[in-house]
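Participant: Sequence first, then the predicted structure, then my questions.
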Amino acid sequence: MSGISVALRVRPLNSREQGTTAAARCLTVDEAGSSLQYTGRDPPPNANFSFDRVLGEASTQADTFEGLKDTVASVLEGFNATVLAYGQTGSGKTHTLLGDVSSPTERGVVPRAVAELAQGMARYPECRFKVTLSVIEIYNERIKDLLDPAKDNLQVIQDPVRGITVAEATELPVAGERDCVELMQLGIANRAVSATAMNAGSSRSHCVIYVVVEKAHADGRVEFGKLCLVDLAGSERQDKTGAVGQTATEGNLINKSLSALGNVVNALTDPKGGKHIPYRDSKLTRVLQDSLGGTARTVLIICCSPSLFNDAETLSSLRFGVRAKGIQNSVQANAVRRTPEQLAKALAAAQAEVEALKAQVDRLQGGGSNSGGSTGKVAADSSCCSSGGAGGGLADKQRRGGMSPGRKWALVGSLQLAGLAAYFAAVEVLGCA
Ligand SMILES: Nc1ncnc2c1ncn2[C@@H]1O[C@H](COP(=O)(O)OP(=O)(O)OP(=O)(O)O)[C@@H](O)[C@H]1O
């Protein structure tokens, strides 16, 4: 079991907050460490919070990515990895995940992750890679394909090989980092965004970017890893966002799915354990099933505002992060697949073994001859028997009928079992094909 990793990032005060009472801070960050103090109103008895990493207001996009590198790189080793940005509206989730994708310093986690994967692939010159990209959004409890917006009610399924998957989401092959970023931008441009009083470019949907990597080895094995990058919509208070009409309805649905997320986190970290995990209560929690309590390596980035104006929301995000730190995933690599050529080879080997064992059974049952069609293994057995010299070999005993019926049937039985095992191996191989 492995706990999910939780990082906390504090954005700088924005221009609206500076020079007003909102410029007072509700957080004191230990820049060198991994803890911070909540200094806002209604502090809890223990106002100290610690996380795996704390990134203060001066943190850069590069600092933020540094702590995620290993998680991202594990996708090339056949793991699923998730980076999830959580926080109040306007707290910096989209900035952290996407940032300015065209700027080398201001680009966020997603373009950096793609670059990291591209560099990682170069370390395996003997392997062939296939990389695909999908971009979906969960808007008003419907999953929409942002690479083909006509598909707007996709379903979440449990795929036997890939695990939790959005069925029929467009997967476009990408040839390199630039290709990937361009396609991603195309998808993001289709995302639902509105201006609210809290954020001029407020995301009204949860957006998930999947980068799927298939790594084919020279011997035919294929490893499969999936990177899932999630920019959640922010929790919001209608009195602060000033949302009305459709924007207010969106806000309610965003809050509803975030509260379903909170319920999943609570159930997963319930000290009594054994609780039903309500993944199916929302599309968001269903999509994140493998990331929370599943087999993926997961990093949660809690984004928050340092302003006293947002103290209640910041405290709520800190509490969510602390709770999420208790989630244990059983991290494991995806099953290695084999190519059709490899499967054909394995099947031929299994068939040859079945034939050899059949011939051996025939011989032991008395009537079989050892000539023609016998494999090397059988031939070796008989030569060993005949070269015994003293007439005590298996073949001699058979000829003389010297083997006890009990021993003979035990041998026949074990050879038949071995044959059966080889047969099932062959069936398994065929089944995989
Ligand atoms: N660490 C940061 N450094 C500089 N600017 C930041 C930082 N974090 C956020 N911002 C700025 O704050 C504004 C709001 O950020 P962003 O859109 O990323 O918030 P969000 O959490 O994604 O909000 P929403 O949930 O409403 O979509 C943006 O203008 C963004 O550039």
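Facilitator: Nice, thanks for sending it over. Numbers count the residues shown, from 1 in each chain.

Participant: which residues are there in the stretch 251-400 of the chain that come within reach of the ligand?
Facilitator: residue 303 (C-beta under 6 Å from any ligand atom). All C-beta atoms are positioned from the backbone trio N, CA, C, and that covers glycine.

Participant: just the strands in the stretch 251-400 of the chain please.
Facilitator: Assigned by DSSP state E, counting those that start in this stretch, the strands in the stretch 251-400 of the chain fall at 297-304, 328-329, 337-338.

Participant: looking at the ones you listed, which is buried most?
Facilitator: The highest mean neighbour count among these belongs to strand 297-304 (a mean of 26), with neighbours defined as mean count of other C-beta atoms under 10 Å.

Participant: helices or strands up against it?
Facilitator: Counting contacts by 3 or more C-beta pairs under 8 Å, 6 or more residues apart in numbering; DSSP states H and E, strand 297-304 packs against strand 5-10, helix 69-73, strand 80-87, helix 93-97, helix 311-324.

Participant: hang on, the earlier thing: got the strands of the stretch 251-400 of the chain as JSON lines, with mean pLDDT columns?
Facilitator: As requested, these are arranged in JSON lines below (pLDDT from 0 to 100):
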{"stretch": "strand 297-304", "mean pLDDT": "97"}
{"stretch": "strand 328-329", "mean pLDDT": "94"}
{"stretch": "strand 337-338", "mean pLDDT": "74"}
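
Participant: how about the residue nearest to residue 305 when sequence neighbours are not counted, secondary structure?
Facilitator: Nearest non-adjacent residue to residue 305, counting by C-beta to C-beta, 6 or more residues apart in numbering: residue 91, 5.3 Å away. With DSSP: H, G, I helix; E, B strand; the rest coil as the basis, residue 91 sits in coil.

Participant: residues near the residue in the stretch 151-300 of the chain positioned nearest to the ligand, how many?
Facilitator: Going by C-beta to the nearest ligand atom, the ligand is nearest to residue 234 of the stretch 151-300 of the chain, at 2.6 Å. Around residue 234 there are 29 other residues, counting by other C-beta atoms under 10 Å.

Participant: Next, format the strands of the stretch 251-400 of the chain as JSON lines and append distance to residue 188.
Facilitator: Compiled in JSON lines, the strands of the stretch 251-400 of the chain are given as follows (distance: least, C-beta to C-beta, whole Å):
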{"stretch": "strand 297-304", "distance to residue 188": "18"}
{"stretch": "strand 328-329", "distance to residue 188": "28"}
{"stretch": "strand 337-338", "distance to residue 188": "31"}
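
Participant: Would you mind measuring from residue 57 to residue 188?
Facilitator: From residue 57 across to residue 188, the span is 26 Å (C-beta to C-beta, to the nearest Å).

Participant: okay, these two: which has more neighbours?
Facilitator: residue 188 (21 against 14).

Participant: Wasn't that one part of a strand?
Facilitator: No: looking at residue 188 with three-state DSSP, it is helix, so not inside a strand.

Participant: residues in contact with it?
Facilitator: When contacts are counted by C-beta atoms under 8 Å, 6 or more residues apart in numbering, residue 188 touches 98, 135, 146, 207.

Participant: out of these, which one sits closest to the ligand?
Facilitator: residue 98 (8.0 Å).

Participant: What backbone torsions are found at that closest one?
Facilitator: Here is the backbone geometry of residue 98 (degrees, to the nearest 10): phi -110, psi -50.

Participant: wait, it sits on residue 231?
Facilitator: Yes: assessed by C-beta atoms under 8 Å, residue 98 is found in contact with residue 231 at 7.1 Å.

Participant: if you count what's nearby, which of those two comes out ahead?
Facilitator: Neighbour totals were compared for residue 98 and residue 231, and residue 231 leads with 27 against 24 (other C-beta under 10 Å).

Participant: shaky segments in the chain?
Facilitator: 22, 194, 196-197, 199-201, 236-246, 250, 339, 367-433 (pLDDT under 70).

Participant: in it, which spans are helices?
Facilitator: Counting by DSSP state H, the chain has helices at residues 61-66, 69-73, 93-97, 109-121, 177-189, 238-241, 245-268, 283-287, 311-324, 340-364, 376-386, 394-400, 405-432.

Participant: Find the nearest non-adjacent residue to residue 174, please.
Facilitator: The shortest distance from residue 174 to any non-neighbouring residue, by C-beta to C-beta, 6+ apart, is to residue 180 (4.2 Å).

Participant: about what we covered before: nearest to residue 77, of the contacts of residue 188?
Facilitator: Distance to residue 77 across the contacts of residue 188 (C-beta to C-beta) is lowest for residue 135, with 24.1 Å.
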